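Asks: sharing a model prediction with you, sequence too.
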Amino acid sequence: MNLNISEKNLNSGQGAFFDSGTTLAYAPPYTVNAIKDSLNHYCGLSSEHCGGNRRRGSCWLYNPDNNPTVEDFYASFGSFSFYFGEDEDYQYEWRAQDFLYQEASGSRWFCLGLEVFE
């Protein structure tokens with residue numbers, strides 16, 4: 001399942017979303033809130049979403065009893081689809097392995113790597 005945010009919401013304010021390719025991605029406050037709201041809504045739709053939904057703030061617990069592999073854990077989050085171009089003919093798929101990071105080496109907690117830039 002894809003989590004979609006309308007163009008109006010994504011392009012509000014400064015109108016930029018930047019995934020640096022490192023641990024964190026940066027976006028304007030409204031965009032960060034819209035993404036978090038969409039993710040929280042998706043996680044609440046089913047106990048099978050978001051790794052079984054055991055969370056602490058913006059972090060989720062990887063439990064091998066719910067998801068045998070980390071890849072299965074990531075797949076339980078869905079993805080965000082971003083479309084670019086005048087005719088929306090370019091798509092970027094922002095997958096859980098892109099927007100979650102492992103809290104610390106050896107930790108089973110994975111956190112949302114999304115921060116506000118002003």
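Replies: Okay, I see it.
Asks: can you give me the strands in this structure?
Replies: Per DSSP state E, the chain carries strands over the ranges 2-3, 18-19, 25-27, 55-56, 59-61, 79-84, 90-95, 100-102, 109-112, 114-116.
Asks: as TSV, those with distance to residue 44 and mean pLDDT would be great.
Replies: (Glycine included, C-beta is placed from N, CA and C.) Shown next, in TSV, are the strands of the chain (distance: least, Cβ to Cβ, whole Å; pLDDT from 0 to 100):
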stretch	distance to residue 44	mean pLDDT
strand 2-3	12	51
strand 18-19	25	57
strand 25-27	22	81
strand 55-56	11	88
strand 59-61	13	95
strand 79-84	17	80
strand 90-95	20	86
strand 100-102	17	95
strand 109-112	15	96
strand 114-116	18	88
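Asks: output these in JSON lines; the columns should cover distance to residue 36 and mean neighbour count.
Replies: Formatted as JSON lines, the strands of the chain follow (distance: least, Cβ to Cβ, whole Å; neighbours: other Cβ atoms under 10 Å):
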{"stretch": "strand 2-3", "distance to residue 36": "11", "mean neighbour count": "14"}
{"stretch": "strand 18-19", "distance to residue 36": "15", "mean neighbour count": "14"}
{"stretch": "strand 25-27", "distance to residue 36": "10", "mean neighbour count": "20"}
{"stretch": "strand 55-56", "distance to residue 36": "12", "mean neighbour count": "14"}
{"stretch": "strand 59-61", "distance to residue 36": "13", "mean neighbour count": "21"}
{"stretch": "strand 79-84", "distance to residue 36": "11", "mean neighbour count": "16"}
{"stretch": "strand 90-95", "distance to residue 36": "13", "mean neighbour count": "12"}
{"stretch": "strand 100-102", "distance to residue 36": "13", "mean neighbour count": "19"}
{"stretch": "strand 109-112", "distance to residue 36": "7", "mean neighbour count": "21"}
{"stretch": "strand 114-116", "distance to residue 36": "7", "mean neighbour count": "14"}
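Asks: what's the residue most central in space within the chain in contact with, if anything?
Replies: The residue lying closest to the centre of the chain (Cα atoms, centre = their mean) is residue 99, at 4.7 Å. The neighbours of residue 99, taking Cβ atoms under 8 Å, 6 or more residues apart in numbering as the test, are 25, 80, 112-114.
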